[in-house]
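1. Only the shape, not the letters, is given here:
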């Protein structure tokens, strides 16, 4: 049993080594997206408009409707889905020209809800994500977080409570795709980045990327033992409950006497 576990761990370590060629291939596949990435709004993102000269829409916050539009006073429904902040601002400026001379419009996304990054493994819900910064403890979880267009591996992990069992030198990024030939994955030594300051592997994440935080070999073994013990917990509790009731009854009677 012990020998089997050691062999499995050895294969795991060997399989997690990522060459420079792997990193280049991973980045080249989406180089055009990473080098000029701009967030394009989707349903139901929230945008806020700043237009000091146009009181009708100044400081208005709107959620993008299912039809891809926002509804504004004076302008009515305006389709913005799939556009960047600058493109929306330019469109609103054009629509306002019949009513205002040189309207100054700025737009920013304040709610990122249409695109996601997925986390799997020993990750918690700390920082700005999830349940008030609760620690993950020693459980494996699966959840999603908003994609903002400027999320790197370190950005996400810095806002996420990692378990002390997390294998920080073997973080995996999976670039998902419906098409097999477009799928990529790499392993990133986050512990090395933090220790040395070398951020060459701090890749910029894309929508639908999956960030996997595996347990250390000993942590993996502990989690498997925990799974086995979970099966027996109700049985153990059943044996303990009558004894607890008897102990409480004895204490109560002894006190009365």
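-> Okay, I see it. Keep in mind that what you see is a predicted model, and the values were worked out from it rather than measured.

2. Show the subsequent helix or strand relative to the helix or strand of the chain with the lowest mean pLDDT.
-> None of the helices or strands of the chain scores lower by mean pLDDT, DSSP states H and E than helix 31-35, at a mean of 42. Where DSSP states H and E defines the elements, the next helix or strand beyond helix 31-35 is strand 46-50.

3. Which other helices and strands does that following strand contact?
-> Contact partners of strand 46-50 among helices and strands, from 3 or more CB pairs under 8 Å, 6 or more residues apart in numbering; DSSP states H and E: strand 60-63, helix 85-96, strand 106-111. For every residue, glycine as well, the C-beta is placed using N, CA and C.

4. need the contact list for residue 84.
-> Counting by CB atoms under 8 Å, 6 or more residues apart in numbering, residue 84 touches 38-41.

5. Now with 10 Å, please.
-> Contact analysis of residue 84 by CB atoms under 10 Å, 6 or more residues apart in numbering lists 38-41, 90, 107, 109, 149.

6. Name the member of the residues you listed with the most neighbours.
-> residue 41 (26 neighbours; other CB atoms under 10 Å).

7. among the helices and strands packed on strand 46-50, which is nearest residue 205?
-> Closest to residue 205 of those, according to CB to CB: strand 106-111, at 16.8 Å.

8. Counting by contacts, list what that closest one packs against.
-> In this structure, strand 106-111 packs against strand 46-50, strand 60-63, helix 85-96, with contacts taken as 3 or more CB pairs under 10 Å, 6 or more residues apart in numbering; DSSP states H and E.

9. Give me the helices and strands touching whichever helix or strand comes after it, please.
-> Downstream of strand 106-111, the next assigned helix or strand under DSSP H and E is strand 116-121. Counting contacts by 3+ CB pairs under 10 Å, 6+ apart, strand 116-121 packs against strand 141-146, helix 153-158, strand 171-175, strand 210-213.

10. Mind listing the strands the third one pairs with, and their directions?
-> Right, the one you point to is strand 171-175. strand 184-188 (antiparallel), strand 210-213 (antiparallel) (DSSP bridges).

11. follow-up on the earlier one: just put the helices and strands packed on strand 106-111 in JSON lines and tack on distance to residue 205 and mean pLDDT.
-> As requested, the helices and strands packed on strand 106-111 are exported to JSON lines (distance: least, CB to CB, whole Å; pLDDT from 0 to 100):
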{"stretch": "strand 46-50", "distance to residue 205": "21", "mean pLDDT": "97"}
{"stretch": "strand 60-63", "distance to residue 205": "24", "mean pLDDT": "96"}
{"stretch": "helix 85-96", "distance to residue 205": "19", "mean pLDDT": "96"}
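
12. possible to save the ones you listed as a markdown table with distance to residue 165?
-> Output for these, formatted as a markdown table (distance: least, CB to CB, whole Å):
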| stretch | distance to residue 165 |
| --- | --- |
| strand 46-50 | 37 |
| strand 60-63 | 39 |
| helix 85-96 | 40 |
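
13. Would you reformat the helices and strands packed on strand 46-50 as JSON lines and include distance to residue 198?
-> Formatted as JSON lines, the helices and strands packed on strand 46-50 follow (distance: least, CB to CB, whole Å):
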{"stretch": "strand 60-63", "distance to residue 198": "41"}
{"stretch": "helix 85-96", "distance to residue 198": "32"}
{"stretch": "strand 106-111", "distance to residue 198": "31"}
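
14. so which of these comes closest to residue 74?
-> helix 85-96 (7.7 Å).

15. Now do that closest one against strand 46-50, angle only.
-> 60 degrees (axes from the mean of the first three to the mean of the last three CA atoms, to 10 degrees).
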